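# Following is a predicted model, sequence given first.
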Amino acid sequence: MSGFNKVVANYDEALDGLTNDMTLIVGGFGLCGIPEGLIAKIKDLGVHGLTCVSNNAGVDGFGLGLLLEDKQIRKMIASYVGENALFEQQLLSGELEVELTPQGTLAEKMRAGGAGIPAFFTPAGYGTPIAEGKEAREFNGKMHILEESITGEFALVKAWKADTMGNLVYRKTAMNFNPMAATAGKITIAEVEEIVEAGELDPNHIHTPGIYVNRVIKGTFEKRIEQLTLKK
Amino acid sequence: MSGFNKVVANYDEALDGLTNDMTLIVGGFGLCGIPEGLIAKIKDLGVHGLTCVSNNAGVDGFGLGLLLEDKQIRKMIASYVGENALFEQQLLSGELEVELTPQGTLAEKMRAGGAGIPAFFTPAGYGTPIAEGKEAREFNGKMHILEESITGEFALVKAWKADTMGNLVYRKTAMNFNPMAATAGKITIAEVEEIVEAGELDPNHIHTPGIYVNRVIKGTFEKRIEQLTLKK
Amino acid sequence: MALTREQLAQRVAQELRDGFYVNLGIGIPTLVANYVPKGMDVMLQSENGLLGMGEFPTEETVDPDLINAGKQTVTTVTGASYFSSADSFAMIRGGNVDLTVLGAFEVDQSGNIASWMIPGKLIKGMGGAMDLVASAQNIVVTMTHANKKGESKLLKECTLPLTGAGCIKKIVSDLAYIEIHDGKFHLVERAPGVSVEEIISKTAGELVVPDNVPEMRF
Amino acid sequence: MALTREQLAQRVAQELRDGFYVNLGIGIPTLVANYVPKGMDVMLQSENGLLGMGEFPTEETVDPDLINAGKQTVTTVTGASYFSSADSFAMIRGGNVDLTVLGAFEVDQSGNIASWMIPGKLIKGMGGAMDLVASAQNIVVTMTHANKKGESKLLKECTLPLTGAGCIKKIVSDLAYIEIHDGKFHLVERAPGVSVEEIISKTAGELVVPDNVPEMRF
């Protein structure tokens, strides 16, 4: 299956073609299920002017927080940010632009972007600052606003397992935004914990079919925990 | 888990509350993955004036075709119909109304209905009779039409396995429209091949979470094949 | 006496019913899980993609791939399922969550809620709150009746940017249980030992007070 | 000589590339799967919810839960996956299918296609055709150049209700391979032994004919 072998040998190959000013759709919720190695490599590559679409922006020194250190991110589209000091600094100094988007709307914008749906109506945000400048319309007696979908030049996702053909399986809540991100990138790169042979994943339980995935790389993951909370 | 035990004892209980003139969202593609027993029971119950939303309308004597025999269906919303003589007769005599909908739009209308998205733009059908009376708008240099979502009083789905809490797993292409149908019904009834204890299905691979499913019934299935095609 | 955080959670827990699917926000709402009445089962939904959230893990069972919407490590209960954030909010917007509990800075008598942004302060974002309040049929807001300066948080009209418009019908504050309809607050119960006068004095919006205002029962 | 059904499929198969995800319509398009060039791998998408469709089953392997969009029993290849019809059309509308092959009643020089409805005849529905033609970047229409009465099916303007507007760029007919751009048909190849004159005479729409029109090679 030469034409369908998506496995790449290293991070350079994985991120080949990434240049300044591109839009990246990045999976993960907080620090859970983020493509750690791909993000670290983008720091090394030094590309800048990036627009990052991701629910959160990492923390100081980890996740997307890494890309703030050298001011590689020009704009964040996210639902919840500011878990780190650098983010706040750059936001206040105007070096970083933020477009806050309700979490469900953000998830749906990625899903719609991947699904060829350019816009949809949602009730979320009607009557709030989020609705400013957006078309509002009543359906079934309730007000909704029109939201446009999001796509990017690259999507960076983290999966548990991939087969060589790019079929992906996520694990527990590390799934989060990854399945939609995988569909919304022109080039989708999956960083995974394990690569198996094609045919080893149950066809009935593949979360992201390989058609969406262009490159697969085996990563090593720290899996840092943001809020370790134990039973008392 | 008394509050979450969705298993019902018989088809009467499964279809309790179904009355004339209701809208039913019905899973299945052709005769594959259809809730055979629930449909047969609706024939027995004799309710009429039904609007059925389903990709197809069965064949003579099987699937939704059964409900045509006593003229129980007033309107079909489907993408492909007319695989049976009764359907044609009733359509030509004006006893049956049909709203033809592109297959992907139909799937997305059900998904949107279940997802609280009242309307979305799609390119499918622009410039065709389907677009008549619908708003058209350009996004990204391409024309799209606005389609509204669909929900129903009842959704009838067929799954492979359910646990007692209503978590569902489908099998192969018998999945088809069932996952969206399951979300689009006010009351969703799953007819399944096997009921297992809660906890037996892998939480990572549940296709339809139990929150969408109100009633589960174990069915027996003929699984009639519409186009048996064997290797020559 | 004004309710404690635990009592607030206990009073909110009285809104639970057997078989409810429930989404609990961060803070006091999270505590509600500790007061599910005996003999009653509820399933907790966490909007990052989990239905069937359990208690916090031990050091042995902690799993970085298993967190809740507050990014805390959690466990699951029997019958749990994982799904994407898009599917999670489809579930929420689709009206499948039976009860949603969240905090607020302000609520007004039209049912508007402000809970995510204080102009001039750093804005961290709304997370899933806007989707939750715009979608849920049954929302309980739990908060202190007045802020630390003694200013009412139950207003004629919210002063802060909204999280959602006309969506709040029930408030459990540390002083009272209040319902909102017909563009007014309606006093239904008072916290044990709290006078109707105190509630009136700390409610800036229009408050309808019936002749008899029973105390909350725990 | 006009191409046979098998030759039509063979010519269309020349549009395949290694690693292509392909959706084949019912009829002649289905036959394309039999002519995938040696050393090339393609994955077939079936819009009911299957990526990685294989050949027809034997009596031993037939499974009523495994059918294609034409409702025929099929098998799967290594690396296949199943998904819902909504996810399937998300895949299609999202532009992820590299090549879509389908039949038509009529195509016109603006790239419009009519393939689902003949007024006065019983209308069975469009199935997934409208989604496919509106979404795919790379569509090949394969059909006979003229109908049984000898009337051209390559028109100035479609007479039948459309399946999609301005979406067709390539036609493999039994007489020729034709491209559509700038509002005109462009003759690129002719079927072996078919004269340019015959193609011109059977093309009702505006046809641009270059000096040299090579024969198709098989």
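In hand now; what should we look at?
# Give me the buried positions along stretch A:200-211.
A:201, A:203, A:204, A:205, A:206, A:207, A:208, A:209, A:210, A:211 (16 or more other CB atoms under 10 Å in any protein chain shown). Any C-beta I mention is one placed from the backbone N, CA and C, and that applies to glycine too.
# just those that are near chain D?
When CB under 8 Å from any CB of the partner chain is applied, the members of these adjacent to chain D are A:203, A:204, A:206, A:209, A:210, A:211.
# Now tabulate the residues you listed in CSV and tack on pLDDT and secondary structure.
Converted to CSV, those look like this (pLDDT from 0 to 100; DSSP: H, G, I helix; E, B strand; the rest coil):
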residue, pLDDT, secondary structure
A:203, 98, helix
A:204, 98, helix
A:206, 98, coil
A:209, 98, coil
A:210, 98, helix
A:211, 98, helix
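# out of the buried residues of stretch A:200-211, who's nearest residue B:177?
residue A:204 (16.5 Å; CB to CB).
# Show me where the chain has its strands.
Going with chain A. Along chain A, the stretches classed as strands by DSSP state E are A:23-26, A:50-53, A:73-78, A:97-100, A:119-122, A:136-139, A:142-148, A:152-163, A:168-169, A:185-196, A:215-218.
# To clarify, I was referring to chain C.
Taking DSSP E to define them, one finds strands in chain C at C:20-24, C:42-46, C:50-53, C:76-82, C:99-102, C:106-108, C:113-114, C:139-143, C:154-155, C:170-173, C:176-181, C:184-190, C:207-208.
# To residue B:45, which of the ones you listed lies closest?
strand C:20-24 (29.4 Å).
# Could you confirm whether stretch C:20-38 reaches chain A?
No. Interface with chain A: stretch C:20-38 contributes nothing (CB under 8 Å from any CB), its closest point being 10.1 Å away.
# same check, this time on stretch C:157-166
Yes. Interface with chain A: stretch C:157-166 contributes C:161, C:162, C:163, C:164, C:165, C:166 (CB under 8 Å from any CB).
# who in chain C is up against chain B?
C:17-21, C:40-43, C:45, C:51-52, C:76, C:78-83, C:89-97, C:135.
# What's opposite the residue nearest the centre of chain A in the beta bridge?
Geometric centre of chain A, nearest residue: residue A:26, 1.8 Å, by CA atoms, centre = their mean. Under DSSP bridges, the beta-bridge partners of residue A:26 are residue A:156.
# so it sits right up against residue A:54, yeah?
Yes. Between residue A:26 and residue A:54 there is a contact under CB atoms under 8 Å: 4.0 Å.
# I'd like the average pLDDT over stretch C:3-12.
Mean per-residue pLDDT for stretch C:3-12: 96.
# Using PyMOL, define a selection of the buried residues within the residues of chain C next to chain B.
The PyMOL command for the buried members of the residues of chain C next to chain B (criterion: 16+ other CB under 10 Å) is given here:
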select buried, chain C and resi 19+20+21+41+42+43+45+51+52+76+78+79+80+81+82+83+89+90+91+92+93+94+96+97+135
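# hang on, the earlier thing: now distance to chain C too, for the buried residues of stretch A:200-211, in a markdown table please.
Formatted as a markdown table, the buried residues of stretch A:200-211 follow (distance: CB to the nearest CB, whole Å):
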| residue | distance to chain C |
| --- | --- |
| A:201 | 16 |
| A:203 | 19 |
| A:204 | 15 |
| A:205 | 12 |
| A:206 | 13 |
| A:207 | 8 |
| A:208 | 10 |
| A:209 | 14 |
| A:210 | 17 |
| A:211 | 17 |
